[in-house]
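Participant: quick check, what structure comes out for this input:
(2 chains)
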Amino acid sequence: MATPTTRPAQLEPQEAATAELTVDDRGELLRYMLLMRATEERALNLYRQGQVPGSYYDGRGQEAVSVGSAFALGPRDRACILHRDLGAHLIRGVTPGRVLAQMMGRLGGVTDGRDGNMHFGDRHLGCVGMVSMLPDMAPVACGLALAFQMRREQRVAMTWFGDGSTANGQWHEAMNVAGIRQLPVVFVLENNQFAYSTPNELEFVRDPVERAAAYGFEGVKVDGNDVEAVFAAAAAACDRARAGGGPTLIQAETMRMHGHGAHDDMSYVPPELFERWANRDPIELFERRLGAEGIETKSIHIAVEDELERETAWALAQPMPDPATATEGVFATEDPVLGDGHAPWSRWAPRAKEGPHA
Amino acid sequence: MPELTYLEAISDGLREEMRHDESVFCLGQDIGSFGGAFKVTEGLADEFGADRMWDTPLAESAIVGAAVGAAVEGMRPIAEMQFADFIACGFDQLVNVAAKMHYRQGLAVPLVVRLPSGGGFSGGPFHSQNPEAWFLQAPGLKVVAPSTPEDAKGLLASAVRDPNPVLYLEHKHLYRRLRGEVAKGRYETPLGEVRVARPGSDLTLVAYGAMVHTALEAVEDLDGARVEVLDLRTLCPLDREGILGSVRKTGKVVVLHEATRSCGVGAEVCALIAEEAFEDLDGPVVRVTAPDVPIPFSPPLESAVLPQVDQVREACRELLEY
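Facilitator: Numbers count the residues shown, from 1 in each chain, chains lettered A, B, ... in the order given. Next up is the predicted model:
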C-alpha cells in the first residue's frame, strides 16, 4: 500500500514564527545542524576505527527536526531526547567532546561510561536521558509537565519519538493522560519512514498526527527537513503549553539517511525513496535559503570544523572509567537536581541575564 | 497511643506525609473521591483536593512513568497499583526507567509505588500475588513489606523521604484484621533494619508481611521452644547483619514467605546464611513458602498453596529436633 507518509511532506506555510528569528538565530540554527552532523561524522569515524564499543546510531538527515524543535525551549524547560536528536543535546549545552567521550565509553562522557551511544541526558542541563524501550520517555515527559502544572509554573516538557513508537501502548497511555490533564508537554514525532527496517505502512494505517484530535489536543504536520518550519511549529506548541493550552503533537516528516545503526546497510530502503530525500538534505535546503537572502555561512562552517578538532582531541584524551567503580551509584543518597539548560534562541537572552530561575 | 488498623495506619501515614510536604501527591485508579478500591485513601481528596489525589485512567505505564517524571522534577509521588499484580503492566517504567536512572545519570527518583499484595481471600491468580522477588532482580529499587500498623506508617514515611524508587507492599489480608498502637504525627521507621517480633535462642524464624503473624501463631506454644521471629520489614536492602546476628545465636533457621519458592526472598536469605554463617549452623536451612504455582481461586486450593500455621509449626519442630 502506498502511503503519503513515505513521500516528502506537503509543505504547509509556517511563516508566522519565523519572523521571530533574528539573523543571528538563523545562523545558530545552521550552526547547530552543522555541529550535529560534524559530531556524528566524527563519531562514525571513531566507530570505524574501533574506538566506539557496541554499535553506533546517528540522526543523519534528521538534523532539522532536533535543532528546530529544541531551539524553541527556554532555560527552565525540560527535555527527554531521542537517539536521533543529538542537535537537541547540543542546544541544551552538551559539548561535542562529551558526546564523543560518551560514545567511546570514557570518563567525561555524559554518563561516564555507565550507558552508551545516545542513551544520555545531562541532568545539569535539564535533560532526562532516554532508555531503549520506546516511547518510554513520553509518559515521563507527562510527569515533568505534571509537576509544572501542579506548581503553576509556565514551563514546558518536550520529548521526541519515532514512527515505530506510535504503535506501542505506552504511546497511547501518554497521549491520553496528556490530553485528560491538558499537560504542558510537546510531543515531537519524527517520522523518519522506518522503524529499523519496518516501513510506515506496517506501523500504522493513517498518519498518527490525526490521532491528536481524538486525544483532545492540537496536532500539526510539518516538513521535518525545513528547520524553520519545525521551529515555528515547536515555538507555537511551547507558547500554547505555557499559556495553559495543553499538549501538541508535531509530526515532522523526514528520512533516516543512515541505517538503524552502523551495522545496518539499509538494503530494505527503495533507492528512489532514498534519492528523493537525498535531494532534500535539511542543511543544504537551509543554506540555500540563507544564501538566496544574502546571508553568509562560510564562517560558520569554519568555526564548526575548528570546534570539532578541539573537541575530538579532548575526547580522545579522556581516560576509561575505573573498573572498581562499576558497582557504585546504584542508589541515590540525595534528592534529585535537574539543572537548567542553555537556550540559545534570542527570545530567552534577556531572561538569561535575570538568572537561571527567571 | 491510638489503636489503628493496618489500613488506617497507612491512611494516616499518607495524610501525615501530604500535610508535611506539599510536593507529596498520590496518583492511581479510583483513589480520589472514591477513596480507592480498599478505601485506603478515603477522605484524602477532601483534604488535599483532586490535583494531589489524581484519579488516573486505567494506565499503569502512564501512572509509573508520570510518577518518574514528576519525581525527577522535585515532586514526591505516591503511586497506587489497585492490586500489586497490576504492576506487571507498569513494569517497564519501573525496572528500565526508574530503577536505572541514578546509576546511568545520577538522577534520583524519589517515588513510592503502593502495592496491595497477598492472598487468602479467593482473589485468584490476578489479585493475590506477592511479586516482591520480581523487583529484587532490578538493582536500584528498594522494597518494603510492613507487618504491623506501627511499621506500616513508619516505613511509608521513610519510603516517601527516600530518594529512590520504593515498592511498598501492603498485605491486603492485614488491612482490617490487624490492629495496633500507632503514634500520632510523623515518624520514620528506618529502611533496612529487621525487627525482632519475638525474641528467642533455639531457632530463628524469618518472615515478613502477613506471614509474620502466621509465624508468631505457629511458635506461640511449641513445646517450650524459644523461637526468635525476625520480621525483615525491608526486603531490599536486606538487613544482612540483623539476619546473621540472629542465626549465629540460634544456629537453626526456617525462612517463611507467602510468595512462590524459586528465587524468592527466602532463597536469597538462605544463600546469605550459607555464605556467611555456615559454621554457625546446627541444621539445614529450611524454607516454608508457596509452591511454584499461580495462586488458585477456590478456597481449598488456595489454602493448599498458601503456607499455613501447622506447616510452619511442623517445619520448626522438625528442625528443633534435628
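Participant: which helix or strand contains the residue of chain A found nearest chain B?
Facilitator: Residue nearest to chain B within chain A: A:G143 (2.1 Å; CB to the nearest CB). For glycine as for every other residue, the C-beta is placed from the backbone atoms N, C-alpha and C. If you go by DSSP states H and E, A:G143 is part of helix A:137-150.
Participant: ok, B:N164 - contacts?
Facilitator: B:N164 makes contacts with A:F331, A:A332, B:H102, B:A108, B:V109, B:P110, B:G140, B:L141, B:K142, as judged by CB atoms under 8 Å, 6 or more residues apart in numbering or on different chains.
Participant: the second one in helix, strand or coil?
Facilitator: Under the three-state scheme (DSSP: H, G, I helix; E, B strand; the rest coil), the conformation of A:A332 reads as coil.
Participant: domain-wise, how is chain B divided?
Facilitator: B:3-181, B:195-321 (automatic domain parsing).
Participant: CA atoms of the helix holding A:G143 as CSV?
Facilitator: Listed next in CSV are the C-alpha coordinates belonging to helix A:137-150 (Å, rounded to 0.1, in the frame of the first residue of the first chain):
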residue,chain,number,x,y,z
MET,A,137,10.0,8.9,27.8
ALA,A,138,6.6,10.0,26.7
PRO,A,139,4.9,9.1,30.0
VAL,A,140,8.0,10.5,31.8
ALA,A,141,7.6,13.8,29.9
CYS,A,142,4.0,13.8,31.0
GLY,A,143,5.3,13.6,34.6
LEU,A,144,7.6,16.5,34.2
ALA,A,145,4.7,18.5,32.7
LEU,A,146,2.5,17.4,35.6
ALA,A,147,5.0,18.8,38.1
PHE,A,148,4.9,22.2,36.2
GLN,A,149,1.2,22.2,36.1
MET,A,150,0.7,21.3,39.8
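Participant: name the residues that touch the helix or strand following it?
Facilitator: With elements assigned by DSSP H and E, the helix or strand that comes after helix A:137-150 is strand A:157-162. Residues outside strand A:157-162 that contact it (CB under 8 Å, 6+ apart) are A:65-66, A:69-70, A:72-73, A:77-82, A:84-85, A:88, A:134-135, A:137-138, A:140-142, A:144-145, A:148, A:171, A:183-192, A:195, A:234, A:238, B:69.
Participant: how far away from the center of its chain is strand A:157-162?
Facilitator: Distance of strand A:157-162 from the chain centroid (CA atoms, centre = their mean, to the nearest Å) equals 7 Å.
Participant: of the contacts of strand A:157-162, which belong to helices?
Facilitator: A:65-66, A:69-70, A:88, A:137-138, A:140-142, A:144-145, A:148, A:171, A:234, A:238, B:69 (DSSP state H).
Participant: ok, for A:N192, nearest residue in space, not its chain neighbours?
Facilitator: Nearest non-adjacent residue to A:N192, counting by CB to CB, 6 or more residues apart in numbering or on different chains: A:R256, 3.9 Å away.
Participant: got the contact list for the one you found?
Facilitator: Contact analysis of A:R256 by CB under 8 Å, 6+ apart lists A:G59, A:R60, A:G61, A:Q62, A:R84, A:N192, A:Q193, A:F194.
Participant: quick check, pLDDT for it.
Facilitator: Looking at A:R256, its pLDDT stands at 98.
Participant: before we move on, what SS does it have?
Facilitator: When classified by three-state DSSP, A:R256 comes out as coil.
Participant: can you report how many residues neighbour A:E293?
Facilitator: 9 (other CB atoms under 10 Å in any protein chain shown).
Participant: next: B:A50.
Facilitator: B:A50: 11 neighbours (other CB under 10 Å).
Participant: that one and A:F187, how far apart?
Facilitator: 25 Å (CB to CB, to the nearest Å).
Participant: got a list of what the residue of the stretch 51-200 of chain B found nearest chain A touches?
Facilitator: Going by CB to the nearest CB, chain A is nearest to B:G69 of the stretch 51-200 of chain B, at 2.1 Å. When contacts are counted by CB under 8 Å, 6+ apart, B:G69 touches A:V128, A:P139, A:V140, A:A141, A:C142, A:G143, A:L144, A:A145, A:L146, A:A147, A:A157.
Participant: nearest spatial neighbour of it, skipping sequence neighbours?
Facilitator: Closest to B:G69 by CB to CB, 6+ apart is A:G143, at 2.1 Å.
Participant: what residues are up against the one you found?
Facilitator: Contacts for A:G143 (CB under 8 Å, 6+ apart) come out as B:G65, B:A66, B:A67, B:V68, B:G69, B:A70, B:A71, B:V72, B:E73, B:P77.
Participant: and the first one, what pLDDT?
Facilitator: Meaning B:G65. We have a pLDDT of 98 for B:G65.
Participant: what helix or strand is it on?
Facilitator: For B:G65, the host element (DSSP H and E) is helix B:60-72.
Participant: show me what contacts A:L21?
Facilitator: Applying CB under 8 Å, 6+ apart, one finds that A:L21 lies in contact with A:L29, A:E228, A:F231, A:W345, A:S346.
Participant: for the second one, phi and psi?
Facilitator: Taking degrees, to the nearest 10, you get phi -70, psi -30 for the backbone angles of A:E228.
Participant: so what's the residue count around it?
Facilitator: Neighbour tally, A:E228, other CB under 10 Å: 23.
Participant: check what pLDDT it gets.
Facilitator: Here, the pLDDT recorded for A:E228 equals 98.
Participant: next one: A:A9
Facilitator: Turning to A:A9, the model gives it a pLDDT of 40.
Participant: where in chain A is pLDDT low?
Facilitator: A:1-19, A:350-358 (pLDDT under 70).
Participant: show me where it has its helices.
Facilitator: Using DSSP H, helices in chain A cover A:23-48, A:63-70, A:86-92, A:96-103, A:137-150, A:169-181, A:211-215, A:227-242, A:271-278, A:282-292, A:298-316, A:349-353.
Participant: near chain B at all, the third one?
Facilitator: It refers to helix A:86-92. No: contact of helix A:86-92 with chain B (CB under 8 Å from any CB of the partner chain) is absent, the minimum separation being 12.5 Å.
Participant: put the alpha carbons of that helix into CSV.
Facilitator: Extracted C-alpha coordinates of helix A:86-92, given in CSV (Å, rounded to 0.1, in the frame of the first residue of the first chain):
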residue,chain,number,x,y,z
LEU,A,86,21.9,15.0,19.0
GLY,A,87,21.2,18.5,17.9
ALA,A,88,18.8,18.9,20.9
HIS,A,89,21.6,17.9,23.3
LEU,A,90,24.0,20.3,21.7
ILE,A,91,21.4,23.1,22.0
ARG,A,92,20.8,22.4,25.7
